[in-house]
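In: structure for this input, please:
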Amino acid sequence: MGRQLKFHIFRYNPEDPNSVPHTDDFDIEETGSMTIFIALTRIREEQDPSLQFDFCCRAGICGSCAMVINGRPGLACKALTKELSDEITLMPLPVFNLVGDLSVNTGTWFRSMNEKVSSWIHTDGTLDSNVQEERMENELAEEIYELERCVECGCCVAACGTANMRDDFVGAVALNRIARFMLDPRDQRTEKEYFEVIGTDEGVFGCMGLLACEDVCPKDLPLQDQLGILRRKMGWNALKQLFKIK
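Out: Take a look at the predicted model:
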């Protein structure tokens, strides 16, 4: 017989004028290899079909099931109950607009962020389907791929002190995107153009260096490393302009 787990789950429907924020308690028996996602599914199927939470892939790829698990942002499909205490508190991610209970709208935030930092390859070239694709060294492709593994779950944003205090901060995920495009030889933007986007307190200078973003990233992305690299590149670019170095 498995452990008896008690879940304290945040409940609130912003579309219902009679709804007030509160937590509901649910008891469930732990089974082998149980994740928070499995537990929530059982609670919804067996106890309360009105419980709202998001999921899609159930394999840590889509990022939909991100929530705050015992005070720490993470993916419900990757969080094993055996690694947690008998009492588990689940809250929705902060920063993002609440849909209901544990479900938040990350899509609007990420779309706004991607538009703000122009998160796409900028090139004057035209597509010719008859021309062979541009070649890239394997080492560089792997370096770019490392940064492309972000699933936009929102955990790093939810854990960020600056993002929780300021709506205009683009967050570590945006800086990671810029770092990715700066590596890509197909992107024709200059360093100056990159830094005009993120070289403010809304970008690299807004980070307080708490390391929470990297600490909670379910993909273990080197977010703070990229921030440091961007700051060094900005400093070198400023020196080159000051002393007219080519």
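
In: mind listing what the most centrally placed residue in the chain touches?
Out: Closest to where the C-alpha atoms of the chain average out (Cα atoms, centre = their mean) is residue 154, at 2.9 Å. The contact partners of residue 154, by Cβ atoms under 8 Å, 6 or more residues apart in numbering, come to 63, 66, 73, 93, 95, 96, 104, 106, 109, 110. For the C-beta atoms, the positions are set from N, CA and C on the backbone; glycine is no exception.

In: now residue 12
Out: 19, 20, 21, 22, 98, 100, 101.

In: go on, residue 47?
Out: Residue 47 touches 26, 28, counting by Cβ under 8 Å, 6+ apart.

In: try residue 204
Out: 175, 198, 227, 230, 231, 234.

In: pull the lengthiest helix in the chain out as PDB, backbone CA atoms only.
Out: For the chain, the helix with the greatest residue count under DSSP state H is helix 223-242. Only the C-alpha atoms of helix 223-242 are listed here, as PDB (Å, rounded to 0.1, in the frame of the first residue of the first chain):
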ATOM      1  CA  LEU A 223      20.700  30.700 -18.900                       C
ATOM      2  CA  GLN A 224      23.000  32.600 -16.600                       C
ATOM      3  CA  ASP A 225      26.000  31.700 -18.700                       C
ATOM      4  CA  GLN A 226      24.300  33.300 -21.700                       C
ATOM      5  CA  LEU A 227      23.500  36.400 -19.700                       C
ATOM      6  CA  GLY A 228      27.200  36.700 -18.800                       C
ATOM      7  CA  ILE A 229      28.200  36.200 -22.500                       C
ATOM      8  CA  LEU A 230      25.800  38.800 -23.700                       C
ATOM      9  CA  ARG A 231      27.100  41.400 -21.100                       C
ATOM     10  CA  ARG A 232      30.700  40.700 -22.100                       C
ATOM     11  CA  LYS A 233      29.800  41.000 -25.800                       C
ATOM     12  CA  MET A 234      28.100  44.300 -25.100                       C
ATOM     13  CA  GLY A 235      31.100  45.600 -23.200                       C
ATOM     14  CA  TRP A 236      33.500  44.700 -26.000                       C
ATOM     15  CA  ASN A 237      31.200  46.200 -28.600                       C
ATOM     16  CA  ALA A 238      31.100  49.500 -26.600                       C
ATOM     17  CA  LEU A 239      34.900  49.500 -26.400                       C
ATOM     18  CA  LYS A 240      35.200  48.900 -30.200                       C
ATOM     19  CA  GLN A 241      32.900  51.800 -30.900                       C
ATOM     20  CA  LEU A 242      34.700  54.100 -28.400                       C
END
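
In: show me what counts as buried in that helix.
Out: For helix 223-242, the neighbour count (16 or more other Cβ atoms under 10 Å) marks 223, 224, 226, 227, 230, 233, 234, 237 as buried.

In: dump those to JSON lines, plus distance to residue 116 and pLDDT.
Out: Conversion of the buried residues of helix 223-242 to JSON lines gives the following (distance: Cβ to Cβ, whole Å; pLDDT from 0 to 100):
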{"residue": "223", "distance to residue 116": "18", "pLDDT": "94"}
{"residue": "224", "distance to residue 116": "21", "pLDDT": "92"}
{"residue": "226", "distance to residue 116": "17", "pLDDT": "92"}
{"residue": "227", "distance to residue 116": "17", "pLDDT": "91"}
{"residue": "230", "distance to residue 116": "16", "pLDDT": "92"}
{"residue": "233", "distance to residue 116": "20", "pLDDT": "87"}
{"residue": "234", "distance to residue 116": "18", "pLDDT": "85"}
{"residue": "237", "distance to residue 116": "21", "pLDDT": "78"}
